[in-house]
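Q: Sharing a model prediction with you, sequence too.
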Amino acid sequence: MTRRDGESTTQTLERTQTRRPRLYRVMLLNDDYTPMEFVVMVLARYFRKSEQDARMIMLAVHHKGRGVAGVYSRDVAETKVAQVTSHARSEGYPLQVVAEPEAEE
Ligand code: TYC
């Protein structure tokens, strides 16, 4: 804020309520080329799913087009996206992984 004498000051807005940081859904998108086994491995290794859960999630993505691999803070979600994308590319697979914010309560 600028005073009449031309000096600038800073105002502080106080809030007593705290808000929990947003959570982000890491989504897997379907494609025609990434092998099912690779997607199952990704879900087990990077998203700590059991073999059984990993298969269920992979098949749901295969049939519905997309699905949630896990829900994390923004930093962790973005790291998972980067790690899985780089692993997939290193194998020559086009697997798409994205993070999207959950709705605020
Ligand atoms: N549709 C792929 C196939 O038939 C398998 C697949 C599942 C790929 C999930 C990506 O996110 C994915 N080989």
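A: Happy to help now that I have it. Keep in mind that what you see is a predicted model, and the values were worked out from it rather than measured.

Q: Show me which residues of this protein are close to the ligand?
A: Residues of the chain lying near the ligand by C-beta under 6 Å from any ligand atom: 28-32, 34-36, 39, 58, 61-62, 95. Placement of C-beta: from N, CA and C, glycine included.

Q: for this protein, what's the longest helix?
A: Looking across the chain with DSSP state H, the single longest helix is helix 74-90.

Q: following that helix, which helix or strand shows up next?
A: strand 96-101 (DSSP states H and E).

Q: All the helices of the chain, residue numbers only.
A: So, for the chain - with DSSP H - the helices run 36-47, 51-64, 74-90.

Q: how far is the last one from where the chain is centred?
A: Relative to the mean C-alpha coordinate of its chain, helix 74-90 is positioned 9 Å out (C-alpha atoms, centre = their mean, to the nearest Å).

Q: which helices and strands does that helix pack with?
A: When contacts are defined as 3 or more C-beta pairs under 8 Å, 6 or more residues apart in numbering; DSSP states H and E, helix 74-90 sits against strand 23-29, helix 36-47, strand 66-73, strand 96-101.

Q: rerun at 6 Å
A: If you count contacts as 3 or more C-beta pairs under 6 Å, 6 or more residues apart in numbering; DSSP states H and E, helix 74-90 packs onto strand 23-29, helix 36-47, strand 96-101.

Q: Including distance to residue 54, mean neighbour count and mean pLDDT, could the ones you listed go into a markdown table?
A: Formatted as a markdown table, those follow (distance: least, C-beta to C-beta, whole Å; neighbours: other C-beta atoms under 10 Å; pLDDT from 0 to 100):
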| stretch | distance to residue 54 | mean neighbour count | mean pLDDT |
| --- | --- | --- | --- |
| strand 23-29 | 11 | 19 | 98 |
| helix 36-47 | 4 | 18 | 98 |
| strand 96-101 | 14 | 15 | 98 |
